[in-house]
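Chemist: any chance you could fold what I've pasted below:
(one chain, ligands or ions: 1)
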Amino acid sequence: MLRLENVHGSQLAPYLDALGTLRITVFRDFPYLYDGTLEYERNYLKTYQDSSDSLVVLAFHGHAVIGATTTLPMMHQGAEFQEAFVKTGYDLSKIFYFGESILLPQYRGRGVGRQFFQRREAHARSLGAEMVTFCAVERSSDHPLRPRGYQPLDDFWTAQGFKKQPELQATFTWKDVQEEDESPKTLTFWVKDLK
Ligand SMILES: CC(C)(COP(=O)(O)OP(=O)(O)OC[C@H]1O[C@@H](n2cnc3c(N)ncnc32)[C@H](O)[C@@H]1OP(=O)(O)O)[C@@H](O)C(=O)NCCC(=O)NCCS
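Modeler: The predicted structure is shown next:
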């Protein structure tokens, strides 16, 4: 039996390592190919812990965290996330940023991902957001680590009401599983207007 729980800001503290471990596990797969460390994770997740307006939805199977999703005001996110929106003239104070949606593979396809989007949108609306956005990594269609039969999530995101905005991009740096060192990756934002 799966159970979802909403936590905010500092309530995330007891779950930091479980969430970091989950991110490392799920994002090791294509398309993220992230070769993560718990040290990087604790630093990354601090942004959510420090924001009293953040929401992290944790999915539990028994006591184990098997999935999670995150959101927080764009104003509380780093400059590298804000930059594309500032340049394009958006009002950052009206935007909520959706972080990851992650679920261990054996729990997928049961509607949890859809609930992740619904809970985050309800939270963003309750705090006056007029737009929600997330970004996804760009990988070439002939990437050597792309699994045969890989199904991109684009249709799922479109079904949740998002539109890809090719003019809104960001560059983040991490180490891919097959890389010696960190390298920059291009991500494109998807946007949903709540007005
Ligand atoms: C994103 C993720 C959490 C979705 O979770 P999920 O619980 O499997 O999704 P759901 O069961 O709610 O799926 C909802 C709908 O989308 C469809 N769907 C799910 N994955 C899909 C995909 N890859 N392509 C197209 N449709 C998809 C489902 O069939 C379902 O359709 P229905 O409503 O008609 O039945 C999960 O796929 C995941 O953890 N992926 C790896 C991490 C990742 O890439 N996250 C996104 C970036 S942070």
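Chemist: what helices and strands are in contact with the lengthiest helix in the chain?
Modeler: If you go by DSSP state H, the chain has its longest helix at helix 112-126. Packing partners of helix 112-126 (3 or more Cβ pairs under 8 Å, 6 or more residues apart in numbering; DSSP states H and E): strand 2-7, strand 55-61, strand 64-73, strand 95-103, strand 131-137. Where C-beta positions appear, they are placed from N, C-alpha and C, glycine not excepted.
Chemist: got these as TSV, with mean neighbour count and mean pLDDT columns?
Modeler: Shown next, in TSV, are those (neighbours: other Cβ atoms under 10 Å; pLDDT from 0 to 100):
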stretch	mean neighbour count	mean pLDDT
strand 2-7	14	97
strand 55-61	21	98
strand 64-73	22	98
strand 95-103	23	97
strand 131-137	21	98
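Chemist: how about those strands, which one is nearest the ligand?
Modeler: For the ligand, the closest of these is strand 95-103, at 3.8 Å, according to Cβ to the nearest ligand atom.
Chemist: give me the contacts around the closest one.
Modeler: Contacts with strand 95-103, where a contact means Cβ atoms under 8 Å, 6 or more residues apart in numbering, come from 22-23, 26-27, 48, 59, 66-74, 77, 81, 85, 112-113, 116-117, 120, 123-124, 127, 129-134.
Chemist: please compute how far it lies from its chain's middle.
Modeler: Centroid separation for strand 95-103 versus its chain: 3 Å, with Cα atoms, centre = their mean, to the nearest Å.
Chemist: what pairs with it, parallel or antiparallel?
Modeler: Next to strand 95-103 in the sheet, as set by DSSP bridges, lie strand 64-73 (antiparallel), strand 131-137 (parallel).
Chemist: is the ligand within reach of that strand?
Modeler: Yes. Judged by Cβ under 6 Å from any ligand atom, strand 95-103 comes into contact with the ligand through Glu100, Ser101, Ile102, Leu103.
Chemist: identify the bridge partners of the third one.
Modeler: With DSSP bridges as the criterion, Ile102 is bridged to Ala68.
Chemist: returning to that earlier point: and the two most separated of the residues of strand 95-103 next to the ligand?
Modeler: The span of the residues of strand 95-103 next to the ligand, defined through Cβ to Cβ, is set by Glu100 and Leu103 at 10.1 Å.
Chemist: so the helix or strand in which Asn43 is found versus strand 95-103, what angle?
Modeler: Per DSSP states H and E: Asn43 is located in helix 38-50. Per axes from the mean of the first three to the mean of the last three Cα atoms, to 10 degrees, the angle that helix 38-50 makes with strand 95-103 is 130 degrees.
Chemist: use 111 as the first number for this chain going forward.
Modeler: In the new count, where the first residue is 111, that last one comes out as helix 148-160.
Chemist: I'd like the distance between the residue of the chain found nearest the ligand and Leu255.
Modeler: Residue nearest to the ligand within the chain (Cβ to the nearest ligand atom): Gly223, separated by 2.4 Å. Distance, Gly223 to Leu255, by Cβ to Cβ, to the nearest Å: 23 Å.
Chemist: what of Tyr200?
Modeler: Going from Tyr200 to Leu255 by Cβ to Cβ gives 34 Å.
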